[in-house]
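> this one's sequence-less:
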């Protein structure tokens, strides 16, 4: 809705997620054998509203007022148990402003206030093998309220077309999700028994990041280092315990500690000649648990991607925009692991691709041919859930694609 140079945006949403996992009825945990094939049923409904007002203060200044609201209700069914019934209300209000300071500086800053209420029902299961009158508590009643105030500020320096420098700092806030508070069962999507902690506190973080980019003719250089500090950082931790449930395996526990993260990304783009393009991207994330003095689990290892692409000159009018590329990804070993987490070896992957564009009549057709993991290397992805089953990633993968773009035009 427009109000002169200002406008109001209203976005309302509804989602209905109905998840059903079926299987042969069996005694799962403490309950007796079911006569229904529904192993796990989770039905989550989400209602959301996002309202914001955009105000043009001047040619060099703009302000946004916003309110966000979300209501979630989850119900469950089946002879297995993973996540209890819960409701969650969350509302937040914020103010964001951006100002140009002269010709080369831009500053933006914001403030946000949040409130959330989480109500999780307790769940008991009868312990039939011991005593029909006894029962086992799978998760307790959780009734929690969370409130927070956070903000951030950023500065951008753009002295000329070739150079840009940005610096941001701010605080973040995240409440524990219902699954982090109350999950307790085998999550078949991750092949593990996950267990929540109803005493988790809200996570508070402080972020500092820098973005430096330099562009000159055929050369582009970008580096983005960051430093994040967290109080009560919430994460999933592999434990030395094993599940009592059939096929449960190792228990993974949601927990929290004070932590520090450092890292960044470096990117270089260089056109050696007009049609030959070289790209290099390196990524690194390091962290440290300030309480246990150990690394955090599920930390990605250092990796570098080198890609060379050659644009083939048009030799005829039949084939256009043809290219060929060759890529190499170097991934280091990850030996900085938490307790009860296995390290992974480093690996090198080679990829190849080519493509072209041709026309049949007025119809454009794009042809793409790709080979991933050209040498059929056997490797483990440190972030993959499959490595906990000792399953390697996919081997050589060949794909051929034909893309038929079309457009519908309306003439007046």
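Right, received. Where do you want to start? Just so it is clear, the structure is predicted and the values come from calculations on it, not from any experiment. Numbering: from 1, shown residues only.

> tell me what residue 113 is bridged to.
On the basis of DSSP bridges, residue 113 is bridged to residue 93, residue 149.

> that one - how many residues pack around it?
Per other C-beta atoms under 10 Å, the neighbour tally for residue 113 reads 15. Every residue, glycine included, has its C-beta placed from N, CA and C.

> and the pLDDT at it?
Looking at residue 113, its pLDDT reads 96.

> residues contacting it?
With contact taken as C-beta atoms under 8 Å, 6 or more residues apart in numbering, residue 113 is in contact with 92, 93, 94, 148, 149.

> cool, and residue 223?
Residue 223 neighbours (C-beta under 8 Å, 6+ apart): 210, 211, 212, 213, 264, 265, 266, 267.

> the bottom helix or strand of this protein by mean pLDDT?
The weakest-scoring helix or strand in the chain, judged by mean pLDDT, DSSP states H and E, is strand 123-126 (a mean of 78).

> now the nearest residue to residue 339 once chain neighbours are set aside: how far from residue 258?
Excluding its sequence neighbours, the residue lying closest to residue 339 (C-beta to C-beta, 6 or more residues apart in numbering) is residue 294, at 6.6 Å. Separation of residue 294 from residue 258 (C-beta to C-beta, to the nearest Å): 13 Å.

> could you do residue 349 as well?
36 Å.

> of the two, which one has the most company?
More crowded of residue 349 and residue 258, by other C-beta under 10 Å: residue 349, with 18 against 15.

> and the helix or strand that residue 95 is a member of, how far out from the chain middle?
Using DSSP states H and E, residue 95 falls within strand 86-101. The chain centroid and the centroid of strand 86-101 are separated by 20 Å, computed with C-alpha atoms, centre = their mean, to the nearest Å.

> buried residues of that strand, list them for me.
Applying a neighbour-count criterion of 16 or more other C-beta atoms under 10 Å, one finds 86, 87, 88, 89, 90, 92, 94, 96, 97, 98 buried in strand 86-101.

> identify the farthest-apart pair in these.
Of all pairs drawn from the buried residues of strand 86-101, the one with the longest distance (C-beta to C-beta) is 86 and 98, at 37.7 Å.

> just for the stretch 151-300 of the chain, where's the confidence low?
The stretch 151-300 of the chain contains no residues with pLDDT under 70.

> the helices in it, which residues?
178-182 (DSSP state H, counting those that start in this stretch).

> so where's the stretch 301-412 of the chain uncertain?
Flagging of the stretch 301-412 of the chain using pLDDT under 70 yields the residue ranges 409-412.
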